[in-house]
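Peer 1: Predicted model, plus sequence, below.
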Amino acid sequence: MFKRIISTVKDLRSKPGELVETLFLLFVAIGAVFIAVFDVVGHPFAVFKDPGDVTLVLVALLALHFCIERFTVMHRVEKRLGFLDIVGTKEIPPKMKSMVNSFVSSHVKLQELRSHHDNAHFPSFVDKILTEQARQLRELSKGKLNVPSAQKANFNRELMKLYKKRFDAVSEDDLEYWAEMKPDAAAYFNVGAEAVRRRETIVTRIFILTLDDLSNQTDKVVKILVKHQKAGIGWAVAVQEELDPEVTNAGITPDFALYDVDKAVSPKDADKRFETIFATHENSRRISEYVELYGNLVPECWLVNKHFGECYSGALEPSEALDDVKKKCEKNNKKLNDILGRIVTEDAVFVLVASEPDEVPAKVEMLVRIVNEYRDKLGK
């Protein structure tokens, strides 16, 4: 009991306001005891001869105390609920209240575990987990998903289960990533192939490749394109050296993926993090930038497979955007034919089209010849 009293006193010393309050109540209590005792044994001091008056004084002091306490307690409560102004509400919904209670309870238990010091590495592991969760919660409050790249395939799978209509990706200068097909690349590829097979999702990917890669690593390029085509994925090839300034000067990386046209976008991983930006009112402008960039990239595609040629239009909304893309493609094709002095384009929109997987090797070689001849004619 004495240890508890000593512990309580130590706690009160760190809280001056509560210490004064406690001493005041102690004074009133001792005063009341003295009045009761002196009323029985006699009054050694004149001030205690009329217990009724002294009692009234003590009652008045108590009333004053509770009056002050009423306002100080309310002030403390209002201060602790001040965070509600931040979230824009004055009432805590029952579901949120339950979550807060659960969180606080778990947090208290966790701190008790940390204080035992029977596992030196446990606290640092806890800090790492909580830091990551705090970061994810902060990003989610901005309408963004931000997780380690190692979790990319899993979260991409969940996203594609929700956004089933289409998935349109752009891959810039990633030949080795797709050619080597390491576990992370394979898992990412399989998510797209699975969406095509199980949910009939339209999946496309534009590859922005360098002319050097197309010329000197043709086998790798063909292998990648054939693998995509056999998985039912639409693909297209743009030549990095021939990209329009609208693409190169867009201010955002031409390496991203669009979910259901404009519902979400995943830019290229940065700092080993996978990010997805959802179409909320705060992010609408950012989403629009990537949708516009995709529309500017389509006319830059020289070689496509048949599936891409049949379904690319669904990624271009509204219809005015599709019309603009078609006009750009027709203009590019006419310019190419005029400069080469003959018709080399196989399609009204794209230069070359591969209908079957076994056509891909010849089409890639033809693409290289056409681009090199075009550049020579322009003196590049």
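Peer 2: Happy to help now that I have it.

Peer 1: The stretch 151-300 of the chain: strands as residue ranges?
Peer 2: 166-172, 202-209, 234-239, 256-259, 264-267, 273-278 (DSSP state E, counting those that start in this stretch).

Peer 1: Now render these as CSV, adding mean pLDDT and mean neighbour count.
Peer 2: Heads up, the C-betas are built off the backbone N, CA and C, glycines and all. Below are those laid out as CSV (pLDDT from 0 to 100; neighbours: other Cβ atoms under 10 Å):
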stretch, mean pLDDT, mean neighbour count
strand 166-172, 97, 22
strand 202-209, 98, 24
strand 234-239, 98, 24
strand 256-259, 97, 23
strand 264-267, 96, 22
strand 273-278, 96, 19
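
Peer 1: between those strands, which one is nearest to F189?
Peer 2: strand 202-209 (9.3 Å; Cβ to Cβ).

Peer 1: center of the protein, which residue is that?
Peer 2: L145 (1.7 Å; Cα atoms, centre = their mean).

Peer 1: wait, doesn't that residue sit right on F278?
Peer 2: Yes: under the criterion of Cβ atoms under 8 Å, L145 makes contact with F278 at 7.4 Å.

Peer 1: any idea what sits nearest the residue nearest to the centre of the chain, other than its immediate chain neighbours?
Peer 2: The shortest distance from L145 to any non-neighbouring residue, by Cβ to Cβ, 6 or more residues apart in numbering, is to T276 (4.2 Å).

Peer 1: quick one, what contacts that neighbour?
Peer 2: 144-145, 155, 159, 259, 264-266 (Cβ atoms under 8 Å, 6 or more residues apart in numbering).

Peer 1: Could the C-alpha coordinates of stretch 164-184 be exported in PDB?
Peer 2: Coordinates of each C-alpha in stretch 164-184 appear next as PDB, following Å, rounded to 0.1, in the frame of the first residue of the first chain:
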ATOM      1  CA  LYS A 164     -11.700  -5.900 -65.000                       C
ATOM      2  CA  LYS A 165     -12.400  -3.900 -68.200                       C
ATOM      3  CA  ARG A 166      -8.900  -3.300 -69.400                       C
ATOM      4  CA  PHE A 167      -5.200  -2.800 -68.400                       C
ATOM      5  CA  ASP A 168      -3.000  -0.700 -70.700                       C
ATOM      6  CA  ALA A 169       0.700  -0.500 -69.800                       C
ATOM      7  CA  VAL A 170       3.700   1.300 -71.300                       C
ATOM      8  CA  SER A 171       7.200  -0.100 -70.800                       C
ATOM      9  CA  GLU A 172      10.200   2.200 -71.500                       C
ATOM     10  CA  ASP A 173      13.600   0.800 -72.200                       C
ATOM     11  CA  ASP A 174      13.000  -2.400 -70.200                       C
ATOM     12  CA  LEU A 175      14.300  -5.000 -72.600                       C
ATOM     13  CA  GLU A 176      16.500  -6.800 -70.100                       C
ATOM     14  CA  TYR A 177      13.700  -6.800 -67.500                       C
ATOM     15  CA  TRP A 178      11.300  -8.600 -69.800                       C
ATOM     16  CA  ALA A 179      13.900 -10.800 -71.600                       C
ATOM     17  CA  GLU A 180      15.400 -12.200 -68.300                       C
ATOM     18  CA  MET A 181      12.000 -12.700 -66.800                       C
ATOM     19  CA  LYS A 182      13.300 -12.800 -63.200                       C
ATOM     20  CA  PRO A 183      10.700 -13.900 -60.600                       C
ATOM     21  CA  ASP A 184       9.300 -10.300 -60.100                       C
END
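
Peer 1: still on that earlier bit, the residue nearest to the centre of the chain: which element?
Peer 2: Assessed by DSSP states H and E, L145 sits inside strand 144-148.

Peer 1: Give me the angle between that strand and strand 273-278.
Peer 2: 170 degrees (axes from the mean of the first three to the mean of the last three Cα atoms, to 10 degrees).
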